[in-house]
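1. could you work out the structure for the sequence below:
(2 chains)
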Amino acid sequence: MTATPTVRAAARRPGRPPLKPAARKPRRRSAVLTVVTGVMLAYAILPLAWLFISASKTQEDLLATFGLWFGGEFALFDNIADTFTYQDGIFGRWVLNTVIYVVVGAGGATLLAALAGYGLAKFDFRGRRAVFAVVLGGIAVPPTALAVPTFLLFAKMGLTDTPWAVIIPSLVSPFGLYLMWTYSTEAVPNEILESARCDGAGEFRIFFKLALPLLAPGLVTVLLFNLVAAWNNFFMPLIMLKNADLYPLTLGLYSWNRQANTVGGDVVFDLVITGSLLTIIPLTVAFLMLQRYWQQGLAAGSVKQ
Amino acid sequence: MSITRRRALLGAALSITLMATGCSGSDDTEDGAAAPTTVTEADIAAALEAGGNLTVWAWDTTITKVAADFQTKYPKVKINLTNAGTGNDQYTALQNAITAGTGIPDVAQIEYYALPQFALAKSVADLNTYGAASLDGTFTPGTWNAVHAGDKIYGFPIDSGPMALFYNKEVFDKHGIAVPTTWEEYAAAAEKLHKADPKAYITSDSGDAGFTTSLIWQAGGKPYTVSGTDVGVNFADPGSTKFATQWQKLLDAKLLSPVVGWTDEWYKGLGDGTIATLVTGAWMPSNLEKGAAAANGKWRVAPMPQWEAGGKATAENGGSSLAIPEKSANKTLAYAFLKYAAVDEGAQTRIDDGAFPATTKHLAAPEFKNKEFPYFGGQKVNEVLAESAGQVVTGWSYLPFQVYANSIYGDTVGKAYLGQGTLTDGLKAWQDASVKYGQEQGFTVK
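-> Numbers count the residues shown, from 1 in each chain, chains lettered A, B, ... in the order given. Below is the predicted model:
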């Protein structure tokens, strides 16, 4: 949420100058490289193509026709309609849940990571090294290993089977904190902070007005990582949630898929596939929109000027 | 009753919780639970009269109508029906809730293979307290045995899975293959079919713990011996050997489709005839109807192939019970629901929805036996299946940590399906890993 103004601020900054074709040295094409890149492209595109093609089929065609070509009738729109109406339209509810979990979870995690990373980078205080060690340790522990202890903790607090059980764990992003820390060290010169302090600006004002715009590329990177993690979050909701009305999309689609394993259960692979297609669209859009900031962020600090 | 493809992740989580609680979980329940008192019919009636909330964890879709009917009959009872996951997912969730001590349901659906694990940890209540022993003879011997541990009763059977041979008659007729009556003939049919149509397989088996144990069960094997906390695991017994030898032939000749069960590919194979048979539990018809609609009218049911020519032995595959967690807040009311769902009106409701009954009365009912299934070309499918229910080999028991054992099946026996070693090697590895785990959990394992 706080990212919006900073994104714009970053967008206003001049990008790199366009490459002039004449300035480029003529390069020989490498046949091997072309083939390798082609294979990689196919590897990346094929699953998406399969997903799209499969989503356009009826349940019968899905099971009866070749996977990588269209079936007899183009049923994509029927499938989308079915997906949103099946089981009293619970899919729409899952979309809403996911958006809430992502906005509050990933947005909150990004803000917290920025605040903490900046604080650790720019303020000298006792125990900084200890925090550093804890953060590194935090990155090293896989979330899966923490899932059951977290569940027990949340159960004691009566938070399981509530939205908080999904949101609170996703607010913690050790990797994001570490990245913002490194990025703050590089991107926010101490001189600016000192001169702002001389001018009498308070620390919060300095952070939000001065540091945050400078941190924008790093912030977007962290946001993107958290966004993807929150959007794909599966294991934590699986452990924490029992009420289907609280499911995110991942868990909801999983539960539909599992119906095929159940005696007398509906076999709804067509809806699972259409739902999956709908699920990846927002993420793809976010990725395409944010990726150039993301690239800037990743390279930050790699070159000393 | 789902034959669940375990997710590695879930298995890991389950083993963590089991390590945390394991059998030692019984410690706190023993202090916490009051001395068992007898609950009379009058108490149950009073509980129904008083009403209250019941949380029921079940993935079986036929429970939905049962719960609705129950609330209509007893308006003061409010049932919160939750699908906490299918099979293993739900057991993980239940184990977690029990460990945490909060969020425990009042009623939980538990498959027969998993029930001993919860029973031994005293996580589920002994229903004798509520007079369950009086229902002796109500259920088929196999399912009634499956919910017992010693003289204690830990759940009510809600369905059963006596096995039979489901086969695609059209495919069989096309290639002139006779319906196999023995496993020898089954292997011969597998070869003939695959030769006639290289795309077609007699069945798909990518390694499934429930299927393996069921076939060993039918062969008279008793690899698991359980007496309290004394457990034996032995896959070198004659029954297990019979299975390993016979099934290895199919594996070596690559006559089994590697398609993973319950996936879209699997349903596709069942629909288009490339998977020609399934030897599985009696609950299968409704799944075929819903998942393989393309093969409408082509499938038939025949008795399970035998290990001895002319034999009449079958086993169970899948099937589940309803149990009451020890820490349920309203066990008396939960028992009333159990009885309604498993014995009284609920049983019929579930049969009408496609479940295969565990109650002798319903199995013998003419309207059940004579029901014609259009999907099976009008065959009276239940006649075959009910006959199988009466031929289940007795004396089978699962491990008190079968959920864990099944979760490591893929890493042991499953390797044989990938061509790494033989089934015999795999079974030995499974045995060793099961023994090791059992010992770590405090069992005396041989």
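
2. residue closest to the middle of chain B?
-> For chain B, the residue nearest the mean C-alpha position is B:Gly318 (1.8 Å; CA atoms, centre = their mean).

3. confirm that that one sits in a strand.
-> No - counting by DSSP: H, G, I helix; E, B strand; the rest coil, B:Gly318 is located in no strand; its state is coil.

4. helices of the stretch 51-200 of chain B, residue ranges please.
-> Using DSSP state H, counting those that start in this stretch, the helices of the stretch 51-200 of chain B run over B:63-73, B:88-100, B:115-120, B:141-146, B:169-174, B:183-196.

5. right, so of these, which gets closest to chain A?
-> For chain A, the closest of these is helix B:88-100, at 3.3 Å, according to CB to the nearest CB. Placement of C-beta: from N, CA and C, glycine included.

6. please name every helix or strand in contact with that closest one.
-> helix A:143-156, helix A:235-240, helix B:8-21, strand B:52-57, strand B:107-111, helix B:115-120, helix B:402-407 (3 or more CB pairs under 8 Å, 6 or more residues apart in numbering or on different chains; DSSP states H and E).

7. quick check: mean pLDDT across it?
-> Per-region confidence: helix B:88-100 scores 91 on mean pLDDT.

8. how far does it sit from its chain's centre?
-> 18 Å (CA atoms, centre = their mean, to the nearest Å).

9. other residues contacting the lengthiest helix in chain B?
-> Scanning chain B for the longest helix, with DSSP state H as the assignment, gives helix B:423-440. Helix B:423-440 is contacted from outside by B:19, B:223, B:231, B:233-236, B:240-241, B:243-244, B:247-248, B:251, B:399, B:401, B:404-405, B:408-409, B:411-416, B:445-446, using CB atoms under 8 Å, 6 or more residues apart in numbering or on different chains.

10. repeat that for stretch B:353-371.
-> Applying CB under 8 Å, 6+ apart, the set of residues contacting stretch B:353-371 is A:263-264, B:60-62, B:65, B:137-140, B:143, B:157-162, B:281-283, B:285-286, B:289, B:319, B:342-343, B:347-348, B:350-351, B:380-383, B:385-386, B:389.

11. wait, which of the helices and strands packed on helix B:88-100 is closest to A:Ala55?
-> With CB to CB as the measure, helix A:235-240 is the member of the helices and strands packed on helix B:88-100 nearest A:Ala55 (23.6 Å).

12. which other helices and strands contact the closest one?
-> Packing partners of helix A:235-240 (3+ CB pairs under 8 Å, 6+ apart): helix A:143-156, helix A:164-170, helix A:249-258, helix B:8-21, helix B:88-100.

13. for that helix, C-alpha coordinates in PDB please.
-> Written as PDB, here are the backbone C-alpha positions of helix A:235-240 (Å, rounded to 0.1, in the frame of the first residue of the first chain):
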ATOM      1  CA  PHE A 235       1.200 -25.200   3.800                       C
ATOM      2  CA  MET A 236       0.400 -22.700   6.600                       C
ATOM      3  CA  PRO A 237      -3.300 -22.400   5.600                       C
ATOM      4  CA  LEU A 238      -3.500 -26.200   5.200                       C
ATOM      5  CA  ILE A 239      -2.400 -26.700   8.800                       C
ATOM      6  CA  MET A 240      -4.200 -23.700  10.300                       C
END
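
14. contact residues of the stretch 51-200 of chain A facing chain B?
-> Contacts of the stretch 51-200 of chain A with chain B, taken as CB under 8 Å from any CB of the partner chain, map to A:59-60, A:62-64, A:144, A:147-148, A:151-152, A:155-156, A:158, A:160-161.

15. of these, just the buried ones, ChimeraX syntax please.
-> A single ChimeraX command selects the buried members of these (16 or more other CB atoms under 10 Å in any protein chain shown):
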select /A:59,60,62,63,64,147,148,151,152,155,160,161
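
16. need the max-distance pair from the residues of the stretch 51-200 of chain A next to chain B.
-> Using CB to CB, the pair of these lying farthest apart is A:Ala64 and A:Lys156, separated by 51.1 Å.

17. list the contacts of residue 277.
-> All of this refers to chain A. Applying CB under 8 Å, 6+ apart, one finds that A:Leu277 lies in contact with A:Leu51, A:Phe52, A:Ala55.

18. other chain: chain B
-> B:Leu165, B:Phe166, B:Tyr167, B:Asn168, B:Tyr186, B:Ile202, B:Thr203.

19. before we move on, what about A:Ile206?
-> Contact analysis of A:Ile206 by CB under 8 Å, 6+ apart lists A:Leu193, A:Ala196, A:Arg197.

20. reformat these into JSON lines and put pLDDT next to each item.
-> What follows is the contacts of A:Ile206, written out as JSON lines (pLDDT from 0 to 100):
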{"residue": "A:Leu193", "pLDDT": "90"}
{"residue": "A:Ala196", "pLDDT": "91"}
{"residue": "A:Arg197", "pLDDT": "92"}
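
21. coming back round to it: in PyMOL, select just the buried ones from the contacts of stretch B:353-371.
-> Listed next is the PyMOL selection for buried residues among the contacts of stretch B:353-371, using 16+ other CB under 10 Å:
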select buried, (chain A and resi 263+264) or (chain B and resi 60+61+62+138+139+140+143+157+158+159+160+161+162+281+282+283+285+286+289+319+342+343+347+348+350+351+380+381+382+385+386+389)
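
22. list the ones among the contacts of stretch B:353-371 that fall in strands.
-> Among those, the residues falling in strands (DSSP state E) are B:Pro157, B:Gly281.
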